[in-house]
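**Student:** no FASTA, just this:
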């Protein structure tokens, strides 16, 4: 992994995001993007206001939803960070794999409104692609002239890890460089009403008490928006070009939960064990866990039990910096990967903002609202997508 | 049999097929339709199409309850998920697989869709916004399962629950190549050893006002509204755009040795798959077909099959001028002179272009072509376009030994995909 690009509620750009994350910063606040006063949930993690015209070519602005703008900015940052100029690569040497969950919902709402209030002839020529799930892979590949394999994966919040795993598969299959990650945003009335329909969104009013995974006060999650893009490269060619490496993707697995009511065990523990086996890492070697941290009591219990089953009595530190950003759908797990790689780089575990301690029913060593210095070589990142998707990824610090 | 070391790739067999297509519910009816050369395109009946530029579509006559879904499922699930469930059940029954004999941890799902729950989203948007009257929407009018329409991973979850899959499960959404890429994704997972059996395929049900309007806006769809039965005319000189369609196809893909051990009937082997991006334009195609040609070459390389072995090309053949030229050029660039000797056809001439689903419907057509040694025709092809000078199998199906088939797809976003399928006996004959 040689490049990072971030557009997050807590900061645009790698270091801005990381400084806020290390310090336990939180961007959860009342929604300002639209009038949310009549909805039952009114908090979100919003990307700070910026002028897209300063960061993107003007021709892209009318044809892109905010989530695509975030994806394009993050992809450019990631390529710059890795020192890669795609035009200098062989023709099919660079691919793009993104995860998506919501598509371009704000753009879509505008065109639906045009259609139904004014008529079909008022629908934008860009509607045919600006909202659909494949748009970010397409736009990134076009902007940077990347002609290798493309893929788009939809597994809700698990997608951020599933995309990186697919990028690894493509690197192993002979594509030396892959831009990968996730981007999502649905902070418009139509997107908001659709998000909160899932019944898991926190209805609490106080920003610091709304998303408290593993806590006794857990009451759901706060949605967020943003993008996190990474550059995954073949280790040998990255070494050959003298690239700075944040670390490596050492192991991965994905599982799916059994049908509701089947009585069979949930799949998260199995995903963790398979990812560790894939990385040839024992539980004792894992130095920190970046939790999925659903914020829903039953799901927190499943995750805590899975960690307990794998790590036993050993108190591996568990953190969830996403309590400062909200859950970013397909961007969320990839943002956790960013935080994990930077934690390995700086030998510090970022905190879990607002959560002071885990509920006694969840026997995990939760890192509270303060960062913890530690010797870190190996991290485990977990993600679950609504519906039953589980993904686990093991990363290692650069040697 | 080839001896394979511990790091060798697993081979992948297609052992079951399920189809919901315009004019044909079920695999048998689908194959009869394709080989008859009949078309299932008609004037749109789901809503009044008269305000729109393009008023033709290929619609499925689909009754979810008659096809085995519950009334609750028929009300809650988007039409595209309903298609996928019906197809998955048909594919499993067809494969002879007993789900109880499959380790659920080694059973996965890979489902493609380009536009997810578009029909439900269009409908529910109208409800919560009072038909677009207000930017602010009314949360009291939102249905509880709106989130499942928002995030199409719910499609794969429904199928996984239905079949009891607890292995890798995902939705692949690469626009109009989703149907090839979802099958290709499943192929990758079995090939590398991450699953033994994958329920793989794709579905889309996009025939709603917003979809029709967005393709009107870029003039991608046909205006042959006076003759809907003959409106889808890939490679024909008089074609003027694609005909929107809907449907699904789902397969049982199995690790080769596993399929052999249980004595399964194998329709075809998926021998190779590759994708490339054109990095050119979100909706435009370079006339030289360069990236599609590269995807074709790469898929043949993986399959270790020479270009001259290809017996049939199932084209993307959408019926837009830019596609038909692009693709014809890609076949020439990748196959050389063999392109002129290879039959090429587009089943979109009969069942329209169902966006993300069509790639899987085309894989179904390829597997059935291999099984029956019959090549489905390009319906409505009557007038040669000087830019398209290959053998497009006009109007009538052709009986011909068909062992190696290439299927290609091309989609908005610049996606170009190619898959090679071969007769299970072919390698032995060779």
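**Tutor:** Yep, it's here. This is a predicted model, so every value here is computed, not measured.
**Student:** Before we move on, what's the pLDDT of residue A:398?
**Tutor:** Note for residue A:398: predicted pLDDT of 88.
**Student:** Please apply the same query to residue A:260.
**Tutor:** For residue A:260, the model assigns a pLDDT of 88.
**Student:** Could you double-check that it sits in contact with residue B:160?
**Tutor:** No - counting by CB atoms under 8 Å, residue A:260 does not reach residue B:160; the two are 11.6 Å apart. C-beta: built from backbone N, CA, C; applies to glycine.
**Student:** If you count surrounding residues, which of these two has more?
**Tutor:** Set side by side, residue A:260 and residue B:160 show more neighbours around residue B:160, with 29 against 7, by other CB atoms under 10 Å in any protein chain shown.
**Student:** and chain A, what are its domains?
**Tutor:** Here the domain parsing of chain A from automatic domain parsing is A:3-240, A:247-397.
**Student:** Quick one: closest of those domains to residue B:32.
**Tutor:** Counting by CB to CB, residue B:32 lies closest to domain A:3-240 out of the domains of chain A; the figure is 33.0 Å.
**Student:** Give the rounded mean pLDDT of that closest one.
**Tutor:** Taken as a whole, domain A:3-240 has a mean pLDDT of 97.
**Student:** chain center to that domain, what's the gap?
**Tutor:** Computed by CA atoms, centre = their mean, to the nearest Å, the chain-centroid distance of domain A:3-240 equals 8 Å.
**Student:** What of stretch A:253-272?
**Tutor:** The answer for stretch A:253-272 is 21 Å, by CA atoms, centre = their mean.
**Student:** touching chain B at all, it?
**Tutor:** Yes - with CB under 8 Å from any CB of the partner chain as the measure, stretch A:253-272 is seen reaching chain B through A:254-260, A:262, A:264, A:267, A:270.
**Student:** and residue B:57, what are its bridge partners?
**Tutor:** residue B:42, residue B:244 (DSSP bridges).
**Student:** that older thread, most neighbours among the residues of stretch A:253-272 next to chain B, which one?
**Tutor:** In terms of neighbour count, residue A:256 stands highest of those at 32 neighbours, by other CB under 10 Å.
**Student:** Please determine how far that one is located from residue B:159.
**Tutor:** Applying CB to CB, to the nearest Å, the value for residue A:256 to residue B:159 is 10 Å.
**Student:** Check the contact lists of those two and give me the overlap.
**Tutor:** Residues touching both residue A:256 and residue B:159 by CB atoms under 8 Å, 6 or more residues apart in numbering or on different chains: B:109, B:165.
**Student:** Just the pLDDT at the residue of the stretch 251-399 of chain A found nearest chain B, thanks.
**Tutor:** With CB to the nearest CB as the measure, residue A:387 is the residue of the stretch 251-399 of chain A nearest to chain B, at 3.5 Å. Looking at residue A:387, its pLDDT is 96.
**Student:** that older thread, could the domains of chain A be laid out in a markdown table, adding distance to residue B:403?
**Tutor:** Shown next, in a markdown table, are the domains of chain A (distance: least, CB to CB, whole Å):
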| stretch | distance to residue B:403 |
| --- | --- |
| domain A:3-240 | 26 |
| domain A:247-397 | 35 |
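**Student:** Out of those, flag the one nearest residue B:329.
**Tutor:** Across those, closest to residue B:329 is domain A:3-240 (CB to CB), at 16.3 Å.
**Student:** What is the end-to-end distance of that closest one?
**Tutor:** One end of domain A:3-240 to the other measures 16 Å (CA to CA, to the nearest Å).
**Student:** Same question for stretch B:160-176.
**Tutor:** 23 Å.
**Student:** Double-check that residue A:182 belongs to a strand.
**Tutor:** Yes - counting by DSSP: H, G, I helix; E, B strand; the rest coil, residue A:182 is located in a strand.
**Student:** so what's the closest residue to it other than its chain neighbours up against?
**Tutor:** Closest residue to residue A:182 apart from its sequence neighbours, by CB to CB, 6 or more residues apart in numbering or on different chains: residue A:330 at 3.3 Å. Going by CB under 8 Å, 6+ apart, residue A:330 touches A:98-101, A:154, A:156-157, A:159-160, A:163, A:182-184.
**Student:** Take those and keep only those in strands.
**Tutor:** Residues of the contacts of residue A:330 located in strands (DSSP state E): A:98-99, A:154, A:182-184.
**Student:** Among those residues, which one sits closest to chain B?
**Tutor:** residue A:154 (3.9 Å).
**Student:** on that earlier part again, distance to residue B:233 for the residues of stretch A:253-272 next to chain B - can I get that in TSV?
**Tutor:** Formatted as TSV, the residues of stretch A:253-272 next to chain B follow (distance: CB to CB, whole Å):
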residue	distance to residue B:233
A:254	43
A:255	46
A:256	42
A:257	47
A:258	48
A:259	45
A:260	47
A:262	50
A:264	51
A:267	48
A:270	51
